[in-house]
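1. Only the shape, not the letters, is given here:
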């Protein structure tokens with residue numbers, strides 16, 4: 001989401017004729033400002049590093065490789081704080097979710113079902129939300145179960161109702177913080193709208209959390225099943241990527 005919002009901010013700056021290095025500086029300022037507001041949580045720092053690498057690639061007219069960007073972000077964060085890879089559950093989930101999006105989203109998106117015309121038109125946004133959420137969930141679900149012995153059955157539905165609003169909430173939050181220094185009435189008005197969105201989000205979470213079948217408990221989930229799952233998942237990703245390379249070479 002931070003990358004998406006950064007792209008929106010960069011496009012707005014382009015519209016204001018702020019291009020090149022100035023665009024890069026203002027976009028980085030936005031990313032750092034958001035990281036400060038998020039109290040430099042591990043998941044936000046990881047996303048911020050990857051977003052800045054994207055901006056650097058655009059500034060220098062180089063190709064952006066999300067896999068290499070993730071590896072660089074993880075290595076840098078682990079170098080600065082080696083304990084983060086063991087102690088920070090949010091960091092672990094953030095990395096796994098990003099891996100899911102990078103490696104599984106392209107595989108699922110190419111399936112014939114998602115190539116129908118309806119998913120290229122009015123339901124394109126719905127398709128993206130579902131595939132992004134599902135791709136991330138496949139990677140994080142076993143780790144969540146292993147660490148908490150709990151799995152949420154309502155995650156896909158809550159994501160569908162909440163995820164589309166996250167970029168809007170991020171932008172409004174930054175605008176409130178920024179405008180409060182210059183024009184408080186406008187910041188107050190935007191903050192009121194932001195509060196409505198946040199209240200909606202919290203009510204959705206509370207509503208689905210109360211469902212009697214919202215969670216499944218796993219009292220005996222051994223690490224061997226975790227290892228087998230990720231081994232098979234890794235093989236599936238390798239097989240699909242290899243198959244795609246072969247098809248491209250034939251074409």
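-> Ah, there it is. Note that the structure is predicted; figures quoted are calculated from it, not measured. Numbering: from 1, shown residues only.

2. Do I have it right that residue 130 meets residue 164?
-> No - contact between residue 130 and residue 164 fails when scored by Cβ atoms under 8 Å: they sit 11.3 Å apart. All C-beta atoms are positioned from the backbone trio N, CA, C, and that covers glycine.

3. Which one's more surrounded, these two?
-> Neighbours were tallied for residue 130 and for residue 164 using other Cβ atoms under 10 Å; the higher tally belongs to residue 130 (18 against 13).

4. what's the helix or strand for the closest residue in space to that one that isn't next to it in sequence?
-> With sequence-adjacent residues excluded and distances taken as Cβ to Cβ, 6 or more residues apart in numbering, residue 130 is closest to residue 160, at 7.0 Å. Residue 160 is part of helix 155-162 when elements are defined by DSSP states H and E.

5. May I see the buried residues of stretch 202-214?
-> In terms of neighbour count (16 or more other Cβ atoms under 10 Å), stretch 202-214 has its buried residues at 204, 208.

6. do the same with stretch 68-80
-> For stretch 68-80, a neighbour-count test (16+ other Cβ under 10 Å) marks 69, 70, 73, 74, 77 as buried.

7. So which of these is the closest to residue 107?
-> Ranked by distance to residue 107 (Cβ to Cβ), those are led by residue 70 at 17.1 Å.

8. gap between that closest one and residue 225?
-> Remark: distance between residue 70 and residue 225 (Cβ to Cβ, to the nearest Å) = 25 Å.

9. re the thing from before, could you point out which element follows the helix holding residue 160?
-> Remark: after helix 155-162, the chain's next helix or strand is helix 166-179, criterion DSSP H and E.

10. Okay, angle between the following helix or strand past that following helix and helix 155-162 too, please.
-> Following helix 166-179 in sequence order, the next helix or strand is helix 184-209 (DSSP H and E). On the basis of axes from the mean of the first three to the mean of the last three Cα atoms, to 10 degrees, helix 184-209 is oriented at 160 degrees to helix 155-162.

11. Just list the residues touching the nearest residue to residue 99 once chain neighbours are set aside, thanks.
-> Leaving aside its chain neighbours, residue 99 sits nearest to residue 139 (5.4 Å; criterion: Cβ to Cβ, 6+ apart). By Cβ atoms under 8 Å, 6 or more residues apart in numbering, the residues touching residue 139 are 96, 97, 99, 100, 104, 233.
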